[in-house]
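> A predicted structure for the sequence below; I have some questions about it.
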Amino acid sequence: MNIFRIEIQNTVKDSRGNSYLAKIQKAGFPVSKVETADVYTISHLHQGFGGQAQMTENEAREKIGEMLTNPVYESFSIGEPDFSRDFDWAIEVGFLPGVTDNVGRTVVESIEDLFKIKFQKPAENVFSSTLLYVSGENLTEKDAQKIGRLFANPLIQRITVKSRENFFADGGMEAVAPQVHLSEPNPPMEIDLEIPDEELEILGKKGIRNPDGTYRGPLALSLLYLKTIREYFRGEGRNPYDIELESIAQTWSEHCRHTIFANPINDDEKGIFKTYIKQATEKIRENKGENDFCVSVFSDNSGGILFDDEWVITDKMETHNSPSALDPLGGAMTGIVGVNRDALGYGRGAKPVINRYGFCLGNPEEEISLFRGKNKQNPALQPSEIFEGIVAGIEEGGNQSGIPTPQGFCFFDERYSGKPLVFAGTVGLIPRILDGRDSSEKSAKPGDAIVVAGGRVGMDGIHGATFSSEALDDGSPATAVQIGDPITQKKLSDAVVRELRQGGFINSVHDCGAGGISGTIGELGEEAGGFEVDLEKVPLKYPNLEPWQIWISESQERMTFSVPQEKVAGFLEIMKKHGVEATVLGKFTDSGRGQVFYKGQKIFDMSLEFLAKGWPCEVLKAEYKASKSIPIIPPDKGDLGGLLEKMIARQNVASIEFISQQYDHEVLGGSLVKPLQGKGRVNVNASAIRPVLSSPKAAVLSHALNPRMTEIHSYDMAVATIDDAIGEAVAIGGNVDYMAIMDNFCWCSSDEPERLGQLLETSRGCYDAAVKYGTPFISGKDSMFNDFRGYDENDNPIKISVPPTLLISTLSVIPDSTKVSTIDFKIAGDKIFVLGETREEFGGSEFAKMIGADEHAGVVPKVDLEKSLAKFRGIFAGHQENLFASVQHIGVGGLGAALAKSCIAGQLGANVNLAKIHEDLNTALFSESKSRYLISVDPAKEAKFREIFPEAIEIGEVGGDVLKIDQVGEFKVSDLAGKYKGTFGDY
Amino acid sequence: MKPKVCVLGGYGINSEDETIFAFNETGSEAEFVHVNEIISREKSLEDYQILVFPGGFSYGDHTGSGKAMANKLMNNIGEELLKFVARDTLVLGICNGFQILVALGLLPALDGEYGTRQAGLLRNDSARFVCRYVNLKKVSEKCVWTKGVERIFLPAAHGEGHFYLEQAALEKLAKNDQIVFQYIDENGNLAKKRFPANPNGADLDIAGICDPSGRILGMMPHPERSLFFSNRPDFTLQREKLLRAGKELPKWTENIKIFENAANYFADK
């Protein structure tokens, strides 16, 4: 075995080193200089790499070094440290064995291409790492370790530290190849279910016991479920194999089957999903009649609506909460890249064209002290670490995939400190007709080949589905963590979208998400009526995985296709051209059974009916009590101006420009209404894009959430949230009469009747608002156990539950992309109006939080659905006539924050009086009453405006560089901008 | 003659569709060509007059932007590329495409040394990916792609866009009239390396360069992402001003001229 290190450094300008230095200094370490280098550790078997060129080992190494270096600004060294270098500590950050190393893989490909050889993996491989040379007086080894920790997550990375002295004495860092070594796999095991209830319960909670006595990790199967499984296998006349039990656990998990939405609840036998969500959509489609624009709802990986005669546009919003709590960067990255596959998995393959994101997390300015284990073991990550990681994860995943990411938000509340919510969504585009038939039609056929394409399978992501269905605690497995590989997926996406979705190559396709191929082959098998799989054919990252691990691993960037036998050769050829590995694993059948073989032995043989639908229905119990009305007492009214200045700097109101600017929102060339509006660049909760450049139509996206309102009044919260989401879209140009919505429920403690009561009331609100507005749900997702269970620093048990969070996202299609609007005040002399009624509604508002009111105090805003709908339609009509100079939907922070934002965005002042808004100025400024808009209008168009909106209240005029609010204060717009942008700055 | 445009794709390149759209709207005939189709000789560069390296993240920028793709191309079709540029052809590299052209040594090709790495695109000074609109002024008189262009407004979106050349080479580049675009502020003054007008800290505020012949252009910002007037971030403000002045809204931005010039170059041939 030959193993060596190539170290490459920038000789001109080490910008990364400078940014690392800033980060280290910010963390409080006395460091004066940081230099960085990229390191590639290369292990290979044959001297000179055994290519045709017949090189010596040294020649080959030189050639690789030259290839990886641009001599204009970089130099490389092989194995030899630079003894003249001045530093105190060398700190290296590399990956732990088995963690996806995208850079290493690219170098493997480059070397293979350079020498025209093939690496014999896993013995031959390349591992990337980053080396920091840090200078600072009095830095201890402990400091150096802590500095390394700033750039590494110990769950997936290793940190090596050496003093300068030791570094030179050792001849630099050792060449370490972090290979995965697994012992010979255990043979498939029979699991005895004829055991006492207590033992069954342990089996469900801790998982199957390995021969060495360790547990494999939670199956998350309740006693009732296990008894049902036992009954089934009694019928089969045998015990289950381990792989069968693992497979059932995945398939029946809350994460995959959404049992809480599916099961009967109280006296409603149909359950929440059917009664409220699905039925709303059915009712709306019926009401719309021939204007129904839905194509595919709920049944596929994404929901789809008509974009125009030629195209269908799809949408899906996912969550990746549990993985992001453990590894924020990897969790968010696999979240966004994963939901891209929900577009690719729509119909016979939609192209991902717009990304959405959303983060709910604890206060990043606050240090928390939470531990998953006793004795300060297994600490939870700090909100600031989570924030940094998830922001970077969406950046890497979204940008590298070439999909614009204009649409997103951050919401901060300390109740997200234990478990953050990370939302990731993708809009897709697909021709309406492919190969002469509806592109949404898909069905695996008996006889079709089962083909898996994309990444290889490793230990990563094992038990992801069952673990998401449980609260995060000490037993949460680290193997649930993975890093995304956007480039492998981009190649897969290119192959599907450019070529394979036409020409009859695909009868059906599903994205490998939770449960890996056990999920997709199961789903496709249901379509066909059965499957047969040879598990040893699955390409592995490293040898010796056990069959059950191969079957349920959630290794990323894979999709499963049902390919007609006569098309298999062509399918594989096209995948190869795009540089994608694709493998035939077996075939679909009509036997009614799923069968899995491993090296000829049958280790899985179950009725698909049982696997797909055999779980026992438990009747859920829900109880609801709206919280008692607690009044909100505003502080002394002397300093309203001060409150306004504080309000616009609050984390939930302030600018997140540093995120918007890092996320490419211009790629694909259709960007229209951007994440930052106006010269003054203000964040807004809606955006618009032209997904088809040859069409004048545009897609409008928006979202809303009001998690602090749920516990006060769940029904009103749901209505308000749908109203907000639509209002945000309508303000920039969206059309309520051509709009679909998506629901994401992120609940907590869903085994408690009170929480289910809130869920039920929320769902009822969703139904009523959606039906009234005619906005069908086309897709949704729930995540029901967002609770953290652990200990504080004194070993007191702690449970932190997220506030029950409903996120509503909208997707609207508008006919004319030039009829959009933004929030910025534009021209001095324009008149300013407020549309909509302002009431004393502070329940769950940012104002209530700011003044430290009881979290259940105040009244949740009520919506008059009829009036609100009329406003949605009126504003859309106004846009078509270019009636407005600016429109802003009034949201978090109330009218005060909205006025400040329109001024900051336009870099223009305004002179307003709020007496007609409400007699109480606190209410006028900060109430979060719904269905309100701040609009500026060219005086020449005032008459026309008043015709459509006779009820609009005129409050003043645009002009100058100061925002003057009578009886409140005068604020220089540039000062307001400084406060609005100062909270996060460059973060 | 209507030129045929080879728009390369694969391995993480991602801006091919909008690039193809830009050429097809302006009188050229563009098509997507997977890199492996050229390498396997399924398609030949000889059949095209224009070669385009679109934006994207080829190989995820691993080991440095553009490098891995340039290595693959050099190892497999290096000679074909040199032959292509020796003909009376045009080449365009945008963003990652520019990075690839520099890593291939097709830019700046000072002293006619095509195929030698002479320049680099370093990490942005902020060490962060940045996506925002920038103003550019056209400098070069010789560049075929920019005839009639004076000043353009378009998005930059990159993490490694700091153009770097050694001092002597930089002077040579200027003297040869190979500096095509420089970053300027809203008032038309050079950005002087300051963010945000210059998003990456590039030397001499260089945003784009050409080869000595003026036929090969590489630029960091993306003209293909801002073809429509409505793409501009100030669209709603401009619309308001134009409508109040009783004027029509233009359909296209100035950026489209870059693609028109390509078709015009071959119009009489």
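Cool, got the structure.
> only C-alpha atoms for contact and neighbour calcs from this point on.
OK.
> so residue B:163 sits right up against residue B:206, yeah?
Yes: here residue B:163 reaches residue B:206: they are 6.5 Å apart, a contact under Cα atoms under 8 Å.
> quick one: which of these two has more around it?
Between residue B:163 and residue B:206, counting by other Cα atoms under 10 Å in any protein chain shown, residue B:206 is the more crowded of the two (28 against 25).
> Strands along the stretch 151-300 of chain A, start to end?
Assigned by DSSP state E, counting those that start in this stretch, the stretch 151-300 of chain A shows strands spanning A:157-163, A:294-296.
> Now do the buried residues in the first one.
By neighbour count, and taking 16 or more other Cα atoms under 10 Å in any protein chain shown as the criterion, the buried residues in strand A:157-163 are A:157-159, A:161-163.
> who's in contact with stretch A:258-265?
A:253-254, A:269-274, A:617-622, A:750, A:782 (Cα atoms under 8 Å, 6 or more residues apart in numbering or on different chains).
> Lowest-confidence entry in these?
By pLDDT, residue A:254 ranks lowest within these, coming in at 74.
> residues in the stretch 251-400 of chain A within reach of chain B, list them.
With Cα under 8 Å from any Cα of the partner chain as the criterion, the stretch 251-400 of chain A comes near chain B at residues residue A:400.
> can you give me the helices in the stretch 251-400 of chain A?
Along the stretch 251-400 of chain A, the segments classed as helices by DSSP state H, counting those that start in this stretch run A:254-257, A:259-262, A:271-272, A:279-288, A:321-326, A:328-344, A:383-401.
> Packed most tightly, which of those would that be?
Among the helices of the stretch 251-400 of chain A, helix A:328-344 has the highest mean neighbour count (mean count of other Cα atoms under 10 Å in any protein chain shown), at a mean of 30.
> element containing residue B:262?
In this structure, residue B:262 is located in helix B:256-267 according to DSSP states H and E.
> which other helices and strands contact that helix?
Here helix B:256-267 touches helix B:16-25, going by 3 or more Cα pairs under 8 Å, 6 or more residues apart in numbering or on different chains; DSSP states H and E.
> Excluding residues flanking it in the chain, which one is nearest residue 99?
The chain I'm using is chain A. Spatial nearest neighbour of residue A:99, excluding adjacent residues (Cα to Cα, 6 or more residues apart in numbering or on different chains): residue A:156 at 6.4 Å.
> Let me rephrase: I mean chain B.
Spatial nearest neighbour of residue B:99, chain neighbours left out: residue B:66 (5.0 Å); criterion: Cα to Cα, 6+ apart.
> Excluding chain neighbours, what is closest to residue A:782?
Among residues not flanking residue A:782 along the chain, residue A:745 sits closest, at 4.6 Å (Cα to Cα, 6+ apart).
> The strand or helix carrying the one you found vs helix A:279-288, what angle?
Assessed by DSSP H and E, residue A:745 sits inside strand A:739-746. Inter-element angle recorded for strand A:739-746 and helix A:279-288: 170 degrees (by axes from the mean of the first three to the mean of the last three Cα atoms, to 10 degrees).
> what pLDDT, on average, does strand A:739-746 get?
Here the average pLDDT along strand A:739-746 is 98.
> cool, and stretch A:810-824?
In this model, stretch A:810-824 has an average pLDDT of 98.
> Endpoints of it, how far apart?
Stretch A:810-824 has an end-to-end distance of 22 Å (Cα to Cα, to the nearest Å).
> my read: residue A:395 touches residue A:660, true?
No: between residue A:395 and residue A:660 there is no contact under Cα under 8 Å: 9.7 Å.
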